[in-house]
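>>> Model the following, please.
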Amino acid sequence: MSPLIETVLFVFGLVALGYLAGLTGYLKAEAGEAIAEFAVGVAMPLLLFRTMVNADFHGAAPWSFWGAYFAAAAITWAAGHLVTTRMFGRDARAGVVGGVSSAFSNLVLLGIPFVLGTFGPSGFEVLSLLISVHLPTMIMASIILFEIFGRGDEHVHPLRIIRRFFRKMLSNPLIIGILAGWVWRITDLPLPALAVRLVDALANIAGPVALFAMGLGLCRFGISGNVRPALALSALKLLLMPAVALGLVWLFGLPPLSAKVAVVAAALPSGVNSYLIATQFNTGQALASNQMTIATACAVVTTAFWLTVVVQVFG
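Here you go, the predicted model:
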């Protein structure tokens, strides 16, 4: 079996095990929520902290890398908004949910273990550059668009947007882990041996635990209506966004590893953040949850395809 295919099957196999554990009732939904909270609140922040402290980011071409990825995200977001509002006749607020569902990759629960397994620590260092700005950028875009479309002609005060943004960012454990890592990196002090052992013990299990928790969480969302728009948005996320990213990384001349990580990150399905955004603004929850479930199931095939493409193109 090809190592690439084996990696895809391993990653999604852990998701499937979590899903089966929930589907059969072997683990309760409450257990899934607790495991996910541990993964996102403890293990993943420590993994990001360790990466920020130890990684060598030289040569990662962050501006071109960020530009290629977020340009692809913006194009796909606009397409998702138009498909939701024009093709399926939903209102502008639901269009924002359609846009964010089409463009918000699951970089943490799925992306971190996937990139680690495929490209190793050097690939994860590149992905960390994206994770460090991905959530703030996408959350800020969501807040701005909901403020605009949710209030019609009413004036949107910039301070309101800024307050909401910083309140979300400063309470997010992933952002805290990244910032703490950068602060420690600036001090240029070595981590004490005991701290290294504690961080390593939890960071090393972050990937498998996150994948299992993701599968267990999918049982809670399921599919209920909105299938056609969810399928259309899933196609945008899994096919259009990585295709645009592939063209842009080639146009920008990114280094091979950065190019491969950017395309693979763009090819990942949507994560729970799109559903949480929809829930917070009380619109499009079923659309977001259905799209996340369908896209994750289809990604078993599409991520293998895009992974093969980038390996053939960039070596």
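>>> any low-confidence regions in the stretch 51-200 of the chain?
56-61, 150-158, 160-161 (pLDDT under 70).
>>> Now do the strands in it.
Under the criterion DSSP state E, counting those that start in this stretch, the stretch 51-200 of the chain contains no strands.
>>> Show me which helix runs longest in the protein.
Longest helix in the chain by number of residues (criterion: DSSP state H): helix 112-150.
>>> who touches stretch 90-97?
The contact list for stretch 90-97, computed with Cβ atoms under 8 Å, 6 or more residues apart in numbering, reads 80-82, 84-85, 98, 142, 145-146, 149-150, 229, 274, 277-278, 281, 283-284, 287-288. C-beta here means a position set from N, CA and C on the backbone, and glycine is covered the same way.
>>> Mark which of those residues are buried, thanks.
Neighbour-count burial (16 or more other Cβ atoms under 10 Å) applied to the contacts of stretch 90-97 gives 80-81, 84-85, 98, 142, 145-146, 149-150, 229, 274, 277-278, 281, 283-284, 287-288.
>>> Select from those residues every entry located in helices.
Per DSSP H, the buried ones among the contacts of stretch 90-97 map to helices at 80-81, 98, 142, 145-146, 149-150, 229, 274, 277-278, 287-288.
>>> In PDB, could you pull the C-alpha coordinates for stretch 306-315?
Written as PDB, here are the backbone C-alpha positions of stretch 306-315 (Å, rounded to 0.1, in the frame of the first residue of the first chain):
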ATOM      1  CA  TRP A 306      -5.000  16.200  -3.600                       C
ATOM      2  CA  LEU A 307      -2.200  14.700  -1.600                       C
ATOM      3  CA  THR A 308      -1.300  12.600  -4.700                       C
ATOM      4  CA  VAL A 309      -1.500  15.700  -6.900                       C
ATOM      5  CA  VAL A 310       0.800  17.900  -4.800                       C
ATOM      6  CA  VAL A 311       3.400  15.100  -4.500                       C
ATOM      7  CA  GLN A 312       3.400  14.700  -8.300                       C
ATOM      8  CA  VAL A 313       3.600  18.400  -8.900                       C
ATOM      9  CA  PHE A 314       6.000  19.500  -6.100                       C
ATOM     10  CA  GLY A 315       7.900  16.300  -5.500                       C
END
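>>> Give me the contact list for that stretch.
4, 7-8, 118, 242, 246, 250, 256-257, 259-260, 263-264, 267.
>>> Kindly report the same for stretch 40-50.
By Cβ under 8 Å, 6+ apart, stretch 40-50 touches 108-109, 112, 128, 131-132, 173-174, 176-178, 180-181, 184, 199-200, 202-203, 205-207, 209-210.
>>> hmm, try it at 7 Å
108, 112, 128, 131, 173-174, 176-178, 180-181, 199, 202-203, 205-206, 209-210 (Cβ atoms under 7 Å, 6 or more residues apart in numbering).
>>> which residues touch the residue nearest the centre of the chain?
The centre of the chain sits closest to residue 106, judged by Cα atoms, centre = their mean, with a distance of 2.3 Å. The neighbours of residue 106, taking Cβ under 7 Å, 6+ apart as the test, are 268-271.
>>> May I see these arranged in JSON lines, with secondary structure as well?
Listed next are the contacts of residue 106 as JSON lines, based on DSSP: H, G, I helix; E, B strand; the rest coil:
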{"residue": "268", "secondary structure": "coil"}
{"residue": "269", "secondary structure": "coil"}
{"residue": "270", "secondary structure": "strand"}
{"residue": "271", "secondary structure": "coil"}
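>>> pLDDT-wise, what's the bottom of these?
On pLDDT alone, residue 271 ranks lowest of the contacts of residue 106, at 78.
>>> quick revisit: quick one: which of the ones in helices among the buried ones among the contacts of stretch 90-97 is nearest residue 70?
Among those, residue 142 lies closest to residue 70 (Cβ to Cβ), at 13.8 Å.
>>> Isn't the closest one up against residue 98?
No - contact criterion Cβ atoms under 7 Å: residue 142 and residue 98 do not qualify, at 11.9 Å.
>>> neighbour-wise, which of the contacts of residue 106 leads?
Using other Cβ atoms under 10 Å as the neighbour criterion, residue 270 leads the contacts of residue 106 with 29 neighbours.
>>> Report the spatially closest residue to residue 212, excluding sequence-adjacent ones.
residue 18 (4.0 Å; Cβ to Cβ, 6 or more residues apart in numbering).
>>> Return the residues in contact with that neighbour.
Residue 18 makes contacts with 211-216, as judged by Cβ under 7 Å, 6+ apart.
>>> can you tell me how far the residue lying closest to residue 68 once chain neighbours are set aside sits from residue 230?
In space, and not counting its chain neighbours, residue 68 is closest to residue 248: 4.0 Å by Cβ to Cβ, 6+ apart. The gap separating residue 248 from residue 230 is 26 Å, by Cβ to Cβ, to the nearest Å.
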